[in-house]
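Trainee: Structure for this input, please:
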Amino acid sequence: MTAPISRLSVENLTKSYGQLTVLKDISLSAEQGQVISIIGSSGSGKSTFLRCLNLLEVPEKGVMHIDGQKVDFQTNHEGQLKVTKDVQKLRSALPMVFQGFNLWQHLTVLENVAIAPIHVLGRNKQAANERAEELLMRVGLGERMHYYPHQLSGGQQQRAAIARALAMDPSLLLFDEPTSALDPELVGEVLQVIEELADQGNTMILVTHEMGFARRVSNRVIFLDQGRIAEDGEPEEVFGSPKTERAAQFLASVI
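Mentor: All right, here's what the predicted structure looks like:
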């Protein structure tokens with residue numbers, strides 16, 4: 001049997017803000033096609049963990065491998081990350097879909113999706129636009145690709161943000177509570193797109209408060225508590241028979 005391809009591995013990742021340690025020796029791996037949902041209470045370190053993976057935050061220590069490329073999380077005396085590879089290109093391999101869309105308001109949806117492949121990946125404009133059109137069709141925005149973000153609903157803007165992430169041909173997609181800023185009636189359309197991506201074999205790490213969705217779409221569920229991994233298993237194990245009292249308490253409060 002062929003061994004699964006590891007898209008991402010993280011060892012002993014630690015992140016602090018002053019005297020507060022938010023992440024404490026986190027280690028995990030994500031294999032090709034896996035969907036990993038990270039759940040936990042507010043302040044448990046979920047979003048910080050994603051931001052460290054995307055190099056938006058600088059951990060104090062730890063090692064990450066992304067498609068065979070090593071990032072050693074060590075900093076110099078000014079707190080700057082020591083990375084020999086191109087940080088922007090490493091970040092493009094792990095694009096994040098944020099809570100707040102983060103679309104450029106002065107660009108059309110098409111331009112929002114095409115701009116990073118042009119400037120980061122070095123693609124010519126025609127190829128980037130053609131790929132952007134394809135992806136916007138895929139997320140149901142083919143008729144709105146020439147609209148500006150303010151002309152779209154929140155759900156449509158988030159679907160555009162997903163298309164923008166896909167345009168980087170990522171190794172792994174990161175989702176940071178992608179539905180938390182949406183009106184309840186718009187949540188379903190975004191979750192549907194994410195579920196379709198999972199069905200198509202995309203590798204994803206998803207921070208979410210949508211417990212039913214996490215149980216349905218994930219291969220693995222990680223419960224983060226006070227900066228540590230307290231539970232890590234298949235959805236039915238974590239949701240159905242949590243091993244720790246803290247996880248049981250949390251799930252009882254949100255399900």
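
Trainee: what stretches of the stretch 1-150 of the chain score poorly on pLDDT?
Mentor: Applying pLDDT under 70 to the stretch 1-150 of the chain flags the ranges 1-6, 74-86.

Trainee: Go again with 80.
Mentor: Flagging of the stretch 1-150 of the chain using pLDDT under 80 yields the residue ranges 1-6, 68, 73-90.

Trainee: Tell me where it has strands.
Mentor: 6-17, 20-31, 35-39, 61-66, 69-72, 96-97 (DSSP state E, counting those that start in this stretch).

Trainee: what lines up beside the shortest one in the sheet?
Mentor: According to DSSP bridges, the neighbouring strands of strand 96-97, each with its direction, are strand 173-176 (parallel).

Trainee: Next, the angle strand 35-39 makes with the helix or strand that the strand it pairs with is followed by.
Mentor: Remark: after strand 173-176, the chain's next helix or strand is helix 184-199, criterion DSSP states H and E. Here helix 184-199 points in a direction 140 degrees away from that of strand 35-39 (axes from the mean of the first three to the mean of the last three C-alpha atoms, to 10 degrees).

Trainee: so what secondary structure elements neighbour helix 184-199?
Mentor: helix 154-166, strand 204-207, helix 211-217 (3 or more C-beta pairs under 8 Å, 6 or more residues apart in numbering; DSSP states H and E). Placement of C-beta: from N, CA and C, glycine included.

Trainee: at 6 Å instead, please
Mentor: If you count contacts as 3 or more C-beta pairs under 6 Å, 6 or more residues apart in numbering; DSSP states H and E, helix 184-199 packs onto helix 154-166, helix 211-217.

Trainee: Return the set of buried residues in the helix or strand following the shortest one.
Mentor: On the C-terminal side of helix 211-217, the closest following helix or strand by DSSP H and E is strand 220-225. In terms of neighbour count (16 or more other C-beta atoms under 10 Å), strand 220-225 has its buried residues at 220-225.

Trainee: Next secondary structure after strand 220-225?
Mentor: strand 228-233.

Trainee: what sits against A160?
Mentor: By C-beta atoms under 6 Å, 6 or more residues apart in numbering, A160 lies in contact with V109.

Trainee: Kindly reformat the helices and strands packed on helix 184-199 as TSV containing mean pLDDT and distance to R131.
Mentor: As requested, these are exported to TSV (pLDDT from 0 to 100; distance: least, C-beta to C-beta, whole Å):
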stretch	mean pLDDT	distance to R131
helix 154-166	96	9
helix 211-217	95	25
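
Trainee: which one of these lies closest to P184?
Mentor: P184 sits nearest to helix 154-166 of all those, at 10.6 Å, using C-beta to C-beta.

Trainee: For that closest one, output the C-alpha coordinates as PDB.
Mentor: C-alpha atoms of helix 154-166 as PDB (Å, rounded to 0.1, in the frame of the first residue of the first chain):
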ATOM      1  CA  GLY A 154     -21.500  38.500   2.800                       C
ATOM      2  CA  GLY A 155     -21.900  34.900   1.600                       C
ATOM      3  CA  GLN A 156     -20.900  35.900  -1.900                       C
ATOM      4  CA  GLN A 157     -17.800  37.800  -0.600                       C
ATOM      5  CA  GLN A 158     -16.700  34.800   1.400                       C
ATOM      6  CA  ARG A 159     -17.100  32.500  -1.700                       C
ATOM      7  CA  ALA A 160     -15.000  35.000  -3.600                       C
ATOM      8  CA  ALA A 161     -12.400  34.800  -0.800                       C
ATOM      9  CA  ILE A 162     -12.400  31.000  -1.200                       C
ATOM     10  CA  ALA A 163     -11.900  31.300  -5.000                       C
ATOM     11  CA  ARG A 164      -9.000  33.700  -4.200                       C
ATOM     12  CA  ALA A 165      -7.400  31.100  -2.000                       C
ATOM     13  CA  LEU A 166      -7.800  28.400  -4.600                       C
END
